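# Structural data only, the sequence is not supplied:
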């Protein structure tokens, strides 16, 4: 369940800040609605934000959910500090450790410090002053891992009109909403923290789609 207050503040990047935004019981530190990224077609995504950020209470890791282009689907990201053993590693290393968030990890990079906060993968924490005395914000020195909800079993807002054709060949797809993505982000944070401690990686708790090509319902083909 996603809850929010109606009050919004203008932003500098064709976006508005949504105040009081929550996903379930978790309040977001920032939430943005970005006109250029928000899907036009109606669907369950219409009431969602296009980027939210929070700090995972269990691990202290920064987390982000961001809407991707051009599909309009959501992606989840978790940042680890420079002291983490996986800092600077490619996303493929996660699978070797048994860490496979929805669709598998496909993103690993440093903070996008040059992009507007409303669309960047870079968790902004606290205001500070630069040497010239100007008000600014300090970005995390962090390494981000992420995944996208655009597998064969995911509905993307840009192509949701094609669902009848997909169903006819046995693809039962779903739109992965904020709550779903957040569950996978929380799992990813817990697994990355286990790696940092040198512990066994805990199993994921969030639901996942079947492996690509293994639709449990099978194709709907006339015999």
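Now that the structure is in, tell me what you want to look at. As the structure is a computational prediction, the values presented were derived from the model and not from experiment.

# in this protein, which residue is closest to the centre?
residue 76 (1.7 Å; Cα atoms, centre = their mean).

# which residues does that one bridge with?
In this entry, residue 76 is beta-bridged to residue 65, residue 147, by DSSP bridges.

# I'd guessed it sits against residue 146; true?
Yes. Counting by Cβ atoms under 8 Å, residue 146 is a contact partner of residue 76 at 6.1 Å. Glycine gets a C-beta too; all of them are placed from N, C-alpha and C.

# what residues are shared contacts of the two?
residue 64 (Cβ atoms under 8 Å, 6 or more residues apart in numbering).

# Give me the distance between the residue nearest to the centre of the chain and residue 64.
From residue 76 across to residue 64, the span is 7 Å (Cβ to Cβ, to the nearest Å).

# just residue 149 next, same as before
Residue 149 sits 14 Å away from residue 64, going by Cβ to Cβ.

# do the same with residue 195
Separation of residue 195 from residue 64 (Cβ to Cβ): 19 Å.

# Have a look at the two and say which one is more surrounded.
In terms of neighbours (other Cβ atoms under 10 Å), residue 64 is the more surrounded of residue 195 and residue 64; the figures are 22 against 18.

# re the thing from before, mind listing the shared neighbours of residue 149 and residue 64?
Taking Cβ under 8 Å, 6+ apart as the contact criterion, the residues that touch both residue 149 and residue 64 are residue 76.

# For residue 75, which non-adjacent residue is spatially closest?
The shortest distance from residue 75 to any non-neighbouring residue, by Cβ to Cβ, 6 or more residues apart in numbering, is to residue 148 (4.2 Å).

# I figured the one you found was touching residue 105, is that so?
No. Between residue 148 and residue 105 there is no contact under Cβ under 8 Å: 9.6 Å.

# show me where pLDDT drops low in this protein?
Where the chain drops to pLDDT under 70, the residues are 1-13, 124-140, 160-171, 209-223.

# For it, which segments count as helices?
Using DSSP state H, the helices assigned to the chain run over residues 92-96, 163-168, 178-197.
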